[in-house]
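> model this:
(2 chains)
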Amino acid sequence: GESVGLHLPTLSVQEGDNSIINCAYSNSASDYFIWYKQESGKGPQFIIDIRSNMDKRQGQRVTVLLNKTVKHLSLQIAATQPGDSAVYFCAENIEGNQFYFGTGTSLTVIP
Amino acid sequence: DAEITQSPRHKITETGRQVTLACHQTWNHNNMFWYRQDLGHGLRLIHYSYGVHDTNKGEVSDGYSVSRSNTEDLPLTLESAASSQTSVYFCASSELLAGKDTQYFGPGTRLTVL
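Model (predicted):
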């Protein structure tokens, strides 16, 4: 899985399967996290966020899980579609409006 | 619809030239940010602004400057472009002054310094 500061891992899934993308963050003081999706040639697009007072948050076809004990964040995408193919990265907020961004995981959906 | 735009989308320049990248948002957001994105790195913060006439240095600010004369715009200037500044540049904005808030990104500018 992804970690803030490491180079790009890849994940290939069959269309219709569920995808799980992982992120390890480094700072135990981080209390707000965001998942972004970035398609080739485009800017990052907000998917879902979670604050540290929560363990789980659900959106449309996406779920973010936060495990503060091991400083781990995951993004689950249900019934993955070809349009989900992109780079996904997490961002951790430590103070104010500043974030540290991971390098991302490249997701490829096989039709 | 409110949006954030960047121009130009692609730019090729020569070493030593001054270059300015534009960023314009119509959300009326207080906060604006400039990042660069390079292979092997996550987005790295160059400069940011929390309001008109406010500017702050980020992690990789050397060789870059910004100014904030109105709410909508935060132009990024490379004073004397270097090959190490070849990158993709993203502008972002967010609303809350003191809160932890989602940042919304523009489409990016691909800059090549020859």
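> how about stretch B:20-31: buried residues?
For stretch B:20-31, a neighbour-count test (16 or more other Cβ atoms under 10 Å in any protein chain shown) marks B:21, B:23, B:24, B:25, B:29, B:30, B:31 as buried. All C-beta spots, glycine's among them, are computed from the backbone N, C-alpha and C.
> Quick one: end-to-end length of it, please.
19 Å (Cα to Cα, to the nearest Å).
> ok, what's across the strand from residue 45?
Here I'm looking at chain A. Here residue A:45 sits in beta bridges with residue A:37, going by DSSP bridges.
> please go with chain B instead
When bridges are called by DSSP bridges, residue B:45 pairs up with residue B:35.
> quick one: it from residue B:32, how far?
12 Å (Cβ to Cβ, to the nearest Å).
> and the residue nearest the centre of chain B, what pLDDT?
For chain B, residue B:34 is the residue whose C-alpha lies nearest the centre (Cα atoms, centre = their mean; 2.7 Å). We have a pLDDT of 97 for residue B:34.
> swap in residue B:101?
Residue B:101 is given a pLDDT of 79.
> Show me the strands in chain B, by range?
With DSSP state E, the ranges of strands along chain B come out as B:4-7, B:10-13, B:19-25, B:31-37, B:44-51, B:54-57, B:64-66, B:76-78, B:87-94, B:104-105, B:109-113.
> go on, chain A?
In chain A, the segments counted as strands under DSSP E are A:2-3, A:10-14, A:19-24, A:32-38, A:45-51, A:56-58, A:62-67, A:72-77, A:86-95, A:98-101, A:105-110.
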